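Undergrad: Generate a structure from the sequence data that follows.
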Amino acid sequence: MAQVQTDHPHNTGHVLTSARLKRALILLVAICAAVYAAILGYMYANQQSLLFKPGETLPAPATVGLADVEVLSLPMADGTQLAVWTAPPATEGAPTVLFFHGQSGSLGDRADRMREILNSGFGLFAPSYRGFPGSEGTPSEPALIGDGIQMYDRLAAAGHSVVLHGQSLGTGVAAAVAAQRPDARLLVLEAPFTATVDVAAERYPFLPVSALMKDQFATRDLIDQVSVPTLIFHGTADTTIPVHHGQSLAEMAGDNAQLFIIPDGMHNDLWSYGLWDQVQQALIN
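TA: Next up, the predicted model:
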């Protein structure tokens, strides 16, 4: 007579436990996927505010020690009005520095740099980016570069010899202008990046930033097109944009660029290590 086999209570419990574990694992994966999707959505939706961080107000130049600087409201080709701090060269024949600032704050935060430029007898032309204090519009890579080219052309048409100086984010603008305006006198890159998307990829290695990021400022893709003599300054203690970015750009630029690695230099203190002295020396030679 055949025997009927029945599940042992232990086996039944094991099956139930396995089913629960499977459901829990599926739930965990679903939660992780939802969290990751939320992070992607947040980063994509807020990428402009993560890259461009304008201050609230633009101070009067005189209040930050620049009484000799005039404030212009300059219309761009599309009608957008940009604030520009400007002063003519005090020394005959001296160049004018077209200064592109970093990602945050206002022109007033760079007053010490501008004072040093003016004390050297150079002219100054420093725009406040679209959407930054004193200026209309919304910042973007194409807009900032287009505005930079228009400002360069304005200075060149007036007979100025132009030094392009980019600070941090502004290095992406300055290099792009130099690639299209080879008659510039000098290109100065202060704490530059190979690309903003490269910096973002290093900070967020778990995100597909190259697919998410609109304004990538890929200086690495155009630096070999720049024939303007180039100076690159970077500090070894820079935690905002690591020094290897400046080193990589110098390698890509080849003999056209001079690289100044500043031991213990950080992201915003390179002028205290003699950056401007090196710029002036390069213009003499």
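
Undergrad: how about the helices in the stretch 51-200 of the chain?
TA: 111-119, 141-157, 169-180, 196-203 (DSSP state H, counting those that start in this stretch).

Undergrad: so which of these is the most packed in?
TA: helix 169-180 (a mean of 26; mean count of other C-beta atoms under 10 Å). The way it works is simple: take the backbone N, C-alpha and C, and place the C-beta from them, glycine included.

Undergrad: which residues does residue 258 bridge with?
TA: Beta-bridge partners for residue 258, by DSSP bridges, are residue 231.

Undergrad: Any idea which helix or strand in the protein has the lowest mean pLDDT?
TA: None of the helices or strands of the chain scores lower by mean pLDDT, DSSP states H and E than helix 9-45, at a mean of 76.

Undergrad: Next, the buried residues of that helix.
TA: Neighbour counts over helix 9-45 (16 or more other C-beta atoms under 10 Å) mark residue 43 as buried.

Undergrad: got the contact list for the residue most central in space within the chain?
TA: Nearest to the mean C-alpha position of the chain, counting by C-alpha atoms, centre = their mean, stands residue 169 at 2.0 Å. Counting by C-beta atoms under 8 Å, 6 or more residues apart in numbering, residue 169 touches 51, 52, 100, 101, 102, 103, 196, 217.

Undergrad: Residue 220: neighbouring residues, count only.
TA: Counted with other C-beta atoms under 10 Å, the neighbours of residue 220 add up to 18.

Undergrad: Quick one: residues contacting it.
TA: 194, 195, 198, 248, 249, 252 are the contacts of residue 220 under C-beta under 8 Å, 6+ apart.

Undergrad: again with residue 66
TA: With contacts defined as C-beta under 8 Å, 6+ apart, residue 66 is in contact with 85, 87, 111, 114, 115, 118.

Undergrad: if I look at the first one, how far off is residue 250?
TA: Read that as residue 85. To residue 250, residue 85 is 30 Å away according to C-beta to C-beta, to the nearest Å.

Undergrad: shaky segments in the stretch 151-285 of the chain?
TA: The model of the stretch 151-285 of the chain has no residue with pLDDT under 70.

Undergrad: which residues of it fall in strands?
TA: Assigned by DSSP state E, counting those that start in this stretch, the stretch 151-285 of the chain shows strands spanning 162-167, 186-190, 230-235, 257-262.

Undergrad: what does the third one rub up against?
TA: Outside of strand 230-235, the residues within contact range by C-beta under 8 Å, 6+ apart are 178, 186-192, 223, 241, 243, 245-247, 249-250, 253, 256-267, 269-270, 273, 275, 278-279, 282.

Undergrad: Go again with 6 Å.
TA: Strand 230-235 is contacted from outside by 187-191, 243, 246, 249-250, 253, 256-260, 262, 265-266, 270, 275, 282, using C-beta atoms under 6 Å, 6 or more residues apart in numbering.

Undergrad: Can you add distance to residue 79 and give the helices of the stretch 51-200 of the chain back as JSON lines?
TA: Formatted as JSON lines, the helices of the stretch 51-200 of the chain follow (distance: least, C-beta to C-beta, whole Å):
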{"stretch": "helix 111-119", "distance to residue 79": "27"}
{"stretch": "helix 141-157", "distance to residue 79": "12"}
{"stretch": "helix 169-180", "distance to residue 79": "20"}
{"stretch": "helix 196-203", "distance to residue 79": "27"}
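
Undergrad: so how far is stretch 123-140 from its chain's centroid?
TA: Relative to the chain's own centre, stretch 123-140 is displaced by 14 Å; criterion: C-alpha atoms, centre = their mean, to the nearest Å.

Undergrad: buried stuff in it?
TA: Residues 123-135, 137, 139-140 are the ones in stretch 123-140 that count as buried (16+ other C-beta under 10 Å).

Undergrad: what's the closest of the residues you listed to residue 150?
TA: Residue 150 lies nearest to residue 127 out of the buried residues of stretch 123-140, by C-beta to C-beta, at 9.6 Å.

Undergrad: Fine by me, thanks again.
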